[in-house]
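Peer 1: okay, predicted coordinates and the sequence, questions at the end:
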Amino acid sequence: MSRHMFSSVLLLVVVVWMCGSSGGAAHAVEVESRNVQLPQGVFILANGPTQVVLEDGTIENEMNLVFGSPSLVRAGGVLAVFGHGRLLDVHNDSRPSSGCVNTFVAYIEPSLGLSSLVAEGNAGGWRAYKVSNAVLEQNRVGLTVIPTTIASGNQVFLLVQTYEENYEENYDATAKLWIMRNLNIQLVVGEAAQSIKASRVNQSTGANPHRCYHSLPHTVKRVTCWAFSGGGGSGVLMEDGTLVFPLEAMTRDLHFVSMIMYSTDGGKTWTPSEGRTPPDCRFPRITEWDKGHILMVVRCDDDQKVYESHDMGRTWMEALGTLSGVWVKRQSGGPLDGNLAADALVTATIDKRRVMLYPQRVYPPGETMAGALYLWVTDNNRTFHVGPLSADNLNSSVFMSTLLYSHGALYLLQEKAMTDTGGLFFVPLTEELQTIKSVLQTWARLDASLSKVPTPTAGLVGFLSNEAWGNVWSDEYLCVNATVTNARKVRNGFEFTGRSKAIWPVNSRENNNQYGFLSHNFALVATVTIHEAPTGSTPLLGASLGDGTDTTIVGLSYGAGGEWEPVFDGAKTTPSSTWKTGETYQVALMLEGRSKGSVYVDGQLVGSSETMLSLEAQGAEIAVPYIGGDKNGEDDEDGGKGNDGSATVKNVFLYNRP
C-alpha cells in the first residue's frame, strides 16, 4: 500500500470514529434471523414415462427416460430447458450398456408464475422435444450427452458430446463387452420461437430447426488432445458478440485438461484456445467478468481453482484473490470434497452493479462433508450467501445445478432425485433476487458513505464498527460477522481487557473459506487506544492460521514496558517504537504476496519481514483475523499470559490487497 493510500485509510478510520457508523446492520439482523424456507419449483422434464416430440412433429408416448445434465437459456422470448435423457432397460443378453441417451428440450413461457407452472405440470406436463437422434440397435447404442448452451438473440447454440457403445469382442477375443466408439462433439444450431405455442407445435421454430450439425473442427483435432466434451451448463456470449464454450479434453498421455472453443463470426467457424489448464483439471465453468476477461472454475485433483485469460485462452493464469469463496483445498488425509463444486458461474448486472452468482454447498456446523446448496453473490470483493437453494435428505438429493440471469429475472435448474420422482427441477429465484438487490444497495450506500472521506473502497471486503448484538460484531457489509468474548461494547467498537477477544472467521472451514485471499494478500486496519498497560505481552490485532495452532502470521502485541511488538510467523520481532496510554493510534497489518509482512502505526513502519514462510511450508491457510487481548485463551508466543491490560479497538477494515 502506498503512503498516500495508507494516509487515506487512516483518515477514513478517524472520520468514521468521529462521525459514527453508517448503519445497515439492521438488515444484517434480518438476514441472519429470518425463517428461511427453500425456494419452490416444479419438475419440467420428469423421470419416467415421457411424451416425446420427434423431429417430424409426431409424438411418441411412454418413453421411459431419466433426465440429467441441466442447461438453461432464454432466446426468442422463450426459456428452453435442455437435458440429456437416458432410455431405461437397454440391454443385451442381460448385460446392460450405459443406455441410449438423447438430448431433449422443453419450453417455458417466462411470464408464467410458479403457480401457473405447477398447474400446467398437473394438467399434463411438458413435452420433451428430441434434439438428437442417437442410434438404438441390439448391439449398438448411441449417446448424446452433456448439453452446453449459448443464446444469442433468437439463436441457440447447443454443444453435445456424442459416442456409441458397441457390444463386441474385446482385444483378445476372449469375451464380449460394451466398448466405446466414435467419440466426438457436435454443435446443433437453431432458432427459438417468439411464442411458446409455436415452439411446441412446429419444431422447426424450436431449438433445432435446421439440425445443423458441425463436427469438431480439424484445427481442434490437430492439438494434442482427444475425447472432447462440453463443460455442461452454459457457455458465454461475450460483450463483443464472441461465442465461447467451455471444453474438457483428454491429452494423449491420458490427463484431463480444460480449455475453451470460440467463434467470432456468429457461429460459422470455431477456434480452439491455444492454451489450457494444467493436467487433471476438469468440469470447466466459465464467465466473462470484465470485457474480454474470461474466468474459468475447474476441479483439479487436490483443489478447486479459478483461472483467468485476457487473450481468448491463449494463456491461463491462476486468478488468486478472484472468487475467493470458490477456491477449495483438499483437507489433509482425505480426498477433495466433490460436493463443494461450483456447478455454475454467471455474471450479471443487477441495479447497475456487476456481480457474479454461483451455487455452492456449505458445511453444516460440526460436519466434515458439505451439506445444503447455497446461492452466493460476489462483486469480486465481498461475498454474500443469499440463502439455501436445496438440502439433501433421505427424500431428496440434488446432483447438478445451473443458473440463468436474463431480462431481470433469475432462474435455477437442477438435476434432482426424490423418493417418488426426479428429473430437471426448475426454480424461479424471485425472492432470492430481491435479497441480492437489497444487499447490493447496502454495499453501494456504504461505499458511497465511506468514499466521502474520501478513501479508497476498492478491495474493501469487511467493516466492523458500531453494529453488534449479543456476542456478534456485525459486518457492515452483511457478509461475515465476528464473534466477541468477554468484551465491553463501546461506540464503533469494543473494549478488550484480560483475555477478552474477537474472532473474525473470514476464511475458516466452518465459514466455508469465504475469503481465501487472506493467505496471500490483505490489509487489516483499525483504530486502537490502550487504556492500561499489561503485566506481560498481550496480543492486540493479527491474523492466524486455521490449523488448530492459531499461529499468528502477521500481528501486533503491546508490552508491559510500552513497546509495540510486531509478530511474524509466530515470533515477535525487536520492538522499535512505543505507545502511551490514552492516546489513539491507527494500526495497519499487511501481507503482500504471502512473502512480505508489514506492521504500521500512524503511518510509520514498526516492523516487517520479507522472509515469510510459504503457504506450502506453513501447511495451513490463514483463516482468522483476531482482535483484542488474547486470540485463543492460551499463552502468547513467548509464554506471556496476557491476562490483563485494557485496549479499545474500533472501526476494523479488511482489504483484499496490501
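Peer 2: The structure has been received and is ready for your questions. Computed from a predicted model, the values in this text were never measured in an experiment. Numbers count the residues shown, from 1 in each chain.

Peer 1: what about the strands in the stretch 501-650 of the chain?
Peer 2: Per DSSP state E, counting those that start in this stretch, the stretch 501-650 of the chain carries strands over the ranges 501-503, 522-532, 538-545, 552-558, 564-568, 571-572, 584-592, 596-601, 604-609, 622-628, 646-655.

Peer 1: between those strands, which gets nearest to residue 329?
Peer 2: For these, the distance to residue 329 is smallest for strand 622-628, at 11.7 Å, taking CB to CB. Bear in mind the C-beta positions are built from the backbone N, C-alpha and C, glycine included.

Peer 1: in stretch 382-397, what counts as buried?
Peer 2: Residues of stretch 382-397 classed as buried by neighbour count (16 or more other CB atoms under 10 Å): 382-390, 392, 396.

Peer 1: could you dump those residues into TSV and include secondary structure and pLDDT?
Peer 2: Shown next, in TSV, are these (DSSP: H, G, I helix; E, B strand; the rest coil; pLDDT from 0 to 100):
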residue	secondary structure	pLDDT
382	coil	95
383	strand	95
384	strand	95
385	strand	91
386	strand	95
387	strand	90
388	strand	91
389	strand	92
390	strand	87
392	coil	75
396	strand	67
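
Peer 1: now flag whichever of the residues you listed is closest to residue 507.
Peer 2: Using CB to CB, the buried residues of stretch 382-397 come closest to residue 507 at residue 383, 11.0 Å.

Peer 1: from memory that closest one sits against residue 324, does it?
Peer 2: Yes: contact criterion CB atoms under 8 Å: residue 383 and residue 324 qualify, at 6.4 Å.

Peer 1: common neighbours of the two, please.
Peer 2: 514-515 (CB atoms under 8 Å, 6 or more residues apart in numbering).

Peer 1: helix or strand right after the helix or strand of the chain with the lowest mean pLDDT?
Peer 2: Within the chain, confidence by mean pLDDT, DSSP states H and E is lowest for helix 25-33 among all helices and strands, at a mean of 29. Going down the chain from helix 25-33, the next helix or strand is strand 42-46, by DSSP states H and E.

Peer 1: okay, now the unreliable bits of this structure?
Peer 2: For the chain, the stretches with pLDDT under 70 are 1-36, 62, 89-98, 193-225, 330-339, 363-370, 393-396, 419, 510-513, 629-643.

Peer 1: can you give me the helices in it?
Peer 2: Applying DSSP state H to the chain gives helices spanning 3-19, 25-33, 114-122, 196-201, 218-221, 430-451, 615-618.

Peer 1: tilt between the third one and strand 42-46?
Peer 2: Which is helix 114-122. Orientation check (axes from the mean of the first three to the mean of the last three CA atoms, to 10 degrees): helix 114-122 against strand 42-46 gives 30 degrees.

Peer 1: if I read this right, residue 354 contacts residue 346, doesn't it?
Peer 2: No: counting by CB under 8 Å, residue 354 does not reach residue 346; the two are 11.7 Å apart.

Peer 1: comparing those two, which residue is more hemmed in?
Peer 2: residue 346 (21 against 12; other CB atoms under 10 Å).

Peer 1: show me the beta-bridge partners of that one.
Peer 2: residue 357 (DSSP bridges).

Peer 1: need the contact list for it.
Peer 2: Per CB under 8 Å, 6+ apart, neighbours of residue 346: 234, 287, 356-358, 403-405.

Peer 1: and residue 305, by the same measure?
Peer 2: 281, 297-298, 318, 327.

Peer 1: run the last query once more with 7 Å
Peer 2: 298, 318, 327 (CB atoms under 7 Å, 6 or more residues apart in numbering).

Peer 1: mind putting the residues you listed into TSV with distance to residue 479 and neighbour count?
Peer 2: Formatted as TSV, the contacts of residue 305 follow (distance: CB to CB, whole Å; neighbours: other CB atoms under 10 Å):
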residue	distance to residue 479	neighbour count
298	25	27
318	24	13
327	16	25
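
Peer 1: now the residues you listed in CSV, with distance to residue 522?
Peer 2: Converted to CSV, these look like this (distance: CB to CB, whole Å):
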residue, distance to residue 522
298, 25
318, 17
327, 15
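
Peer 1: and of those residues, the nearest to residue 463?
Peer 2: residue 327 (22.8 Å).

Peer 1: tell me the contacts of the spatially closest residue to that closest one that is not a sequence neighbour?
Peer 2: Residue nearest to residue 327 in three dimensions, not counting chain neighbours: residue 516, with 4.4 Å by CB to CB, 6 or more residues apart in numbering. Contacts for residue 516 (CB under 7 Å, 6+ apart) come out as 324, 327, 507, 621.

Peer 1: apply 10 Å and report the result again.
Peer 2: 306, 320-329, 506-507, 621-623, 656 (CB atoms under 10 Å, 6 or more residues apart in numbering).

Peer 1: please narrow the residues you listed to those residing in strands.
Peer 2: Cross-referencing those against strands under DSSP state E gives 306, 328-329, 622-623.

Peer 1: can you redo those residues as a markdown table with distance to residue 54 and neighbour count?
Peer 2: Formatted as a markdown table, these follow (distance: CB to CB, whole Å; neighbours: other CB under 10 Å):
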| residue | distance to residue 54 | neighbour count |
| --- | --- | --- |
| 306 | 42 | 22 |
| 328 | 43 | 25 |
| 329 | 48 | 19 |
| 622 | 58 | 27 |
| 623 | 56 | 26 |
